[in-house]
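1. okay, sequence plus prediction incoming.
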Number of protein chains: 2
Amino acid sequence: MPDTLNDQFLPFTTAEYEVRVRNLQGVMASADLDAAVFTSEDNYRYITGFYSPTWINLTRPRYCVVPRVGEPVIIIPANNDVIAAQTSWIRDVRTWVAPNPTDDGVTMVVDAIRACLGKSKRIGMELGPESRLTMPIGDFLRVREMLDAEIVDGFGLLHGLRIIKSLTEIERMRRIAQITSRSFEALAGRLKVGDSEKDASAKLRLELIARGADTTPYVSGGSGRNGYTSINTALLDRVLTPGDILTIDTGSTVDSYFCDFNRSWAIGTPSDEACRAYELVWRSTEAGLAAARPGAQTADVWRAMAKVLAKENRLSKGEGQRLGQGRFGHGCGLRMCEPPSLNERDGTVLKQGMVITLEPGTAFTARDADGETGMRVMVHEENVVITDDGCELLTTRAPRELPVVG
Amino acid sequence: MPDTLNDQFLPFTTAEYEVRVRNLQGVMASADLDAAVFTSEDNYRYITGFYSPTWINLTRPRYCVVPRVGEPVIIIPANNDVIAAQTSWIRDVRTWVAPNPTDDGVTMVVDAIRACLGKSKRIGMELGPESRLTMPIGDFLRVREMLDAEIVDGFGLLHGLRIIKSLTEIERMRRIAQITSRSFEALAGRLKVGDSEKDASAKLRLELIARGADTTPYVSGGSGRNGYTSINTALLDRVLTPGDILTIDTGSTVDSYFCDFNRSWAIGTPSDEACRAYELVWRSTEAGLAAARPGAQTADVWRAMAKVLAKENRLSKGEGQRLGQGRFGHGCGLRMCEPPSLNERDGTVLKQGMVITLEPGTAFTARDADGETGMRVMVHEENVVITDDGCELLTTRAPRELPVVG
């Protein structure tokens, strides 16, 4: 098939994937695992390269079995073999005709795992916090019963490697952050009074696609008189009128790597309260940018951002946590939201190559159109990579003053 | 919050959701379940209305507990409360500040389930074929251990209801199928020699968004000299030249309801082989349209389509299965691919209100640019709803002859 040569569509060299597998096998040995099994789109993409929109189809699961020593095996539905040939470097590809409700790959997976079992009889699968096992759980319980082995969490193990991005990964993340920064700027010039939230969302997606984003799976936000009430609601039919604040947050991708940040605008002249809230979260982000450096803990960065906010708002701790979404940022990479969390409890030590979002949020009161007073939130987000002596923005820094459009 | 009134963004009336819950409780009683717990986006949307792009964020799970009698409860991260207020009809909303790695909702879920337990001590969760339990499996195993109850599959139970679409659901599916039909037609006028597959994909997504699709999560396909080799690969950098065949398949949504179908084009004058393969799958689809009626089994519809293909191709059974992706169509709704499968083994009896795809595929040999002979596939797909005496197209039927563009 000369039109679809293997390796043609691998975003990274085979050597880079091989390093990933060797590093994984190193931590597997330390954790005394005979094998690790991965089923979720992002882990699969990280190890095997396998790339296809077909993950949205939940009929057919996929399995990757990594032995402690030797080459990984992928076990996929027969109709996925062309995808594997085009986008994966893995040589040991086994297939079954799916869907097959009586045995959708289970026997093949058990066989592949058994071939890895040594003395420890421990295998890792995606079980831990923030993981998703991307197979029917009835089949997982069956695999567990068929194996004479202990199944422990393997997601944390792999993510401990994924959390440090290579230069080539950072290059993708910078590219999508820059595409998105320019798309937000272009959107500002195209927003009009009378647009619905949905219109604004569509305009942003058009800009993103035209500028080279591969996918735009996450576009959320909110709008309202003098402020919005949530940043992760869908953009719906509400029409923008003068006096509104609009925010849009997007996770878009290049080569499956995400950015994750928002921008906010005033539709016509904003109230003083909205301007103050915007500048407050902007300054809080500045404090985060200064604090995010190798050796600092995620909690330190959280504290630096929280300190700026605490001086000026009078929220209860519960309100603060709710509005701060339990954290002021998180990891980002092959998932829009990856560990760690930037909050009071998280003690992850930042290292060169980590990509995190800085996402402080605050709340304030403002008047609705009918004169009633209600609660509003203001969230600001930037994406950075930790460098040797601090951090570097992947996004183009938002302006200090709330931009006015329309 | 006058800008964000409850019910404002519910795509259906509260009455329709209440009927869904009553029907579910009916089958729960027949299956002797005390409670059913749902965690996946589509099941959550079906029962609660809850709508947000935030499902892409895997940090925070969500739970819906439906008792055998009484009102459902949703247990969600605290920062999701505005989403619930805007998009869900459920009154009993419980929240926790997430992420909380030591207890991300587990205790609250266990408490809510315990309050439902009666004599049977059986609860349903998403375990069975084609299901995805959308929570960390470590937490699932913890819930199972904490409960004095048997956990059985609840996905099949709920899907048995979801499989029959209401008039209001069908209206959404017709809308997205029509938006997509018109977008494919517009794309044909915009495809050019020299476009990459990615350009073609971006042009289609621009048309879809401009015409009112809410999301376009699935755009796949392939291209190649005299034919393509797979329909579910990502559209990448390959450049279209005269003599190529291009196919694009999309699952796009309105109000979270999917269409799922493809269209194919010749770039310049096509070979006779490509034209014959196209017309063959078109005629196979005609046979499917005639066979899809209430009372028929999915296997009957498969057989009608397979019979047309068998007369003209010389594939081995294994090749046929692989190329037919193990089936010639499937259910469609809040997921792009839902049960049932249209294949030899599936005995689902079609009923009025079911929405299925008819998706026959064939293979043929063709010459590459360098004169070598290689295998090609041709897949054709339409979406139909089963009526009282047959079926009705939701898509605009594709032309019988392979359209030529560029």
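-> Yep, that arrived. Numbers count the residues shown, from 1 in each chain, chains lettered A, B, ... in the order given.

2. pick out the residue of the stretch 201-350 of chain A closest to chain B.
-> Of the residues in the stretch 201-350 of chain A, the one nearest chain B is residue A:230, at a distance of 3.6 Å by CB to the nearest CB. The C-beta positions use only the backbone N, C-alpha and C, and glycine is treated the same way.

3. do stretch A:330-342 and chain B meet at all?
-> Yes - using CB under 8 Å from any CB of the partner chain, stretch A:330-342 comes into contact with chain B via A:330, A:335, A:336, A:337, A:339, A:341.

4. lowest average confidence, helix or strand, in chain A?
-> Considering only helices and strands, the least confidently modelled element of chain A by mean pLDDT, DSSP states H and E is helix A:317-323, at a mean of 58.

5. give me the next element, helix or strand, following that one.
-> Next in sequence after helix A:317-323, counting helices and strands by DSSP states H and E, comes strand A:330-331.

6. not counting its neighbours along the chain, what's nearest the residue nearest to the spatial centre of chain A?
-> Closest residue to the average C-alpha location of chain A: residue A:336 at 1.2 Å, with CA atoms, centre = their mean. Computed as CB to CB, 6 or more residues apart in numbering or on different chains, the closest residue to residue A:336 that is not its neighbour in sequence is residue A:251, at 3.6 Å.

7. output the contacting helices and strands for the strand or helix carrying that neighbour.
-> Residue A:251 belongs to strand A:244-254 when assigned by DSSP H and E. Using 3 or more CB pairs under 8 Å, 6 or more residues apart in numbering or on different chains; DSSP states H and E as the contact definition, the elements that strand A:244-254 packs against are helix A:167-190, helix A:197-210, strand A:215-225, strand A:261-267, strand A:373-379.

8. got the CA positions of the second one in PDB?
-> In this case it means helix A:197-210. Backbone C-alpha positions of helix A:197-210 (Å, rounded to 0.1, in the frame of the first residue of the first chain) are rendered in PDB as follows:
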ATOM      1  CA  GLU A 197     -23.200  32.000  23.000                       C
ATOM      2  CA  LYS A 198     -23.500  29.200  20.400                       C
ATOM      3  CA  ASP A 199     -22.600  31.600  17.600                       C
ATOM      4  CA  ALA A 200     -19.600  32.700  19.600                       C
ATOM      5  CA  SER A 201     -18.600  29.100  20.100                       C
ATOM      6  CA  ALA A 202     -19.100  28.300  16.400                       C
ATOM      7  CA  LYS A 203     -17.000  31.300  15.400                       C
ATOM      8  CA  LEU A 204     -14.100  30.200  17.700                       C
ATOM      9  CA  ARG A 205     -14.200  26.700  16.300                       C
ATOM     10  CA  LEU A 206     -14.100  28.000  12.700                       C
ATOM     11  CA  GLU A 207     -11.000  30.000  13.600                       C
ATOM     12  CA  LEU A 208      -9.400  27.000  15.300                       C
ATOM     13  CA  ILE A 209     -10.000  24.700  12.400                       C
ATOM     14  CA  ALA A 210      -8.900  27.200   9.800                       C
END
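
9. contacts only, for residue A:139.
-> With CB atoms under 8 Å, 6 or more residues apart in numbering or on different chains as the criterion, the residues that contact residue A:139 are A:61, A:104, A:105, A:106.

10. so the first one belongs to a helix, correct?
-> No - membership of residue A:61 in a helix is not supported by DSSP: H, G, I helix; E, B strand; the rest coil, which gives coil.

11. per-residue pLDDT, the closest residue to it other than its chain neighbours?
-> Counting by CB to CB, 6+ apart, residue A:61 lies nearest to residue A:135, which is 4.2 Å off, once chain neighbours are set aside. Here, the pLDDT recorded for residue A:135 equals 98.

12. so residue A:135 belongs to a helix, correct?
-> No - Residue A:135 sits outside any helix when classified using three-state DSSP, being coil.

13. might one say that it is in contact with residue A:64?
-> No - between residue A:135 and residue A:64 there is no contact, the gap being 11.6 Å when judged by CB atoms under 8 Å.

14. what's the neighbour count on residue A:178?
-> By the measure other CB atoms under 10 Å in any protein chain shown, the count of residues near residue A:178 is 17.

15. isn't it up against residue A:396?
-> Yes - if you go by CB under 8 Å, residue A:178 and residue A:396 touch, sitting 7.0 Å apart.

16. now do the end-to-end distance for stretch A:337-347.
-> Between the opening and closing residues of stretch A:337-347 lies a distance of 17 Å (CA to CA, to the nearest Å).

17. chain center to it: distance?
-> Taking CA atoms, centre = their mean, to the nearest Å, the mean C-alpha location of stretch A:337-347 is offset from the chain mean by 13 Å.

18. which of the residues in it are buried?
-> For stretch A:337-347, burial by neighbour count (16 or more other CB atoms under 10 Å in any protein chain shown) applies to A:337, A:338, A:339, A:340, A:341, A:342, A:343, A:344, A:346.

19. what strand or helix carries the third one?
-> Translated: residue A:339. Residue A:339 is part of strand A:338-341, with elements assigned from DSSP H and E.

20. then residue A:24?
-> Following DSSP H and E, one finds residue A:24 within helix A:14-30.

21. who are the packing partners of that helix?
-> Judged by 3+ CB pairs under 8 Å, 6+ apart, the packing partners of helix A:14-30 are strand A:35-38, helix A:41-48, strand A:63-67, helix A:155-162.

22. output the ones you listed in JSON lines; the columns should cover mean neighbour count.
-> Rendered in JSON lines, the data for the helices and strands packed on helix A:14-30 read as follows (neighbours: other CB atoms under 10 Å in any protein chain shown):
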{"stretch": "strand A:35-38", "mean neighbour count": "28"}
{"stretch": "helix A:41-48", "mean neighbour count": "23"}
{"stretch": "strand A:63-67", "mean neighbour count": "24"}
{"stretch": "helix A:155-162", "mean neighbour count": "21"}
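
23. so can I have TSV of the ones you listed showing distance to chain B and mean pLDDT?
-> Supplementary listing: those in TSV, determined by distance: least, CB to the nearest CB, whole Å; pLDDT from 0 to 100:
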stretch	distance to chain B	mean pLDDT
strand A:35-38	12	98
helix A:41-48	9	98
strand A:63-67	15	98
helix A:155-162	8	98
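
24. just the CA trace of stretch A:31-49, in CSV.
-> These are the backbone C-alpha positions of stretch A:31-49, laid out as CSV (Å, rounded to 0.1, in the frame of the first residue of the first chain):
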residue,chain,number,x,y,z
ALA,A,31,7.1,-2.0,41.1
ASP,A,32,7.6,-5.7,40.4
LEU,A,33,5.0,-6.0,37.7
ASP,A,34,5.2,-8.7,35.1
ALA,A,35,3.0,-6.9,32.6
ALA,A,36,1.0,-3.6,32.2
VAL,A,37,-2.2,-3.5,30.2
PHE,A,38,-3.5,-0.2,28.7
THR,A,39,-7.0,0.4,27.1
SER,A,40,-7.6,4.1,27.2
GLU,A,41,-7.1,6.4,24.2
ASP,A,42,-4.4,8.6,25.7
ASN,A,43,-2.3,5.8,27.2
TYR,A,44,-2.7,3.8,23.9
ARG,A,45,-1.6,6.9,21.9
TYR,A,46,1.4,7.5,24.2
ILE,A,47,2.8,4.0,23.9
THR,A,48,1.7,2.7,20.5
GLY,A,49,1.0,5.9,18.4
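
25. ok now it, how far from the chain's centre?
-> Here the centre of stretch A:31-49 is set off from its chain's centre by 17 Å, with CA atoms, centre = their mean.

26. mind putting the helices and strands packed on helix A:14-30 into TSV with distance to residue B:286?
-> As requested, the helices and strands packed on helix A:14-30 are exported to TSV (distance: least, CB to CB, whole Å):
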stretch	distance to residue B:286
strand A:35-38	42
helix A:41-48	36
strand A:63-67	38
helix A:155-162	48
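
27. quick one, which of these gets closest to residue B:311.
-> strand A:63-67 (37.2 Å; CB to CB).
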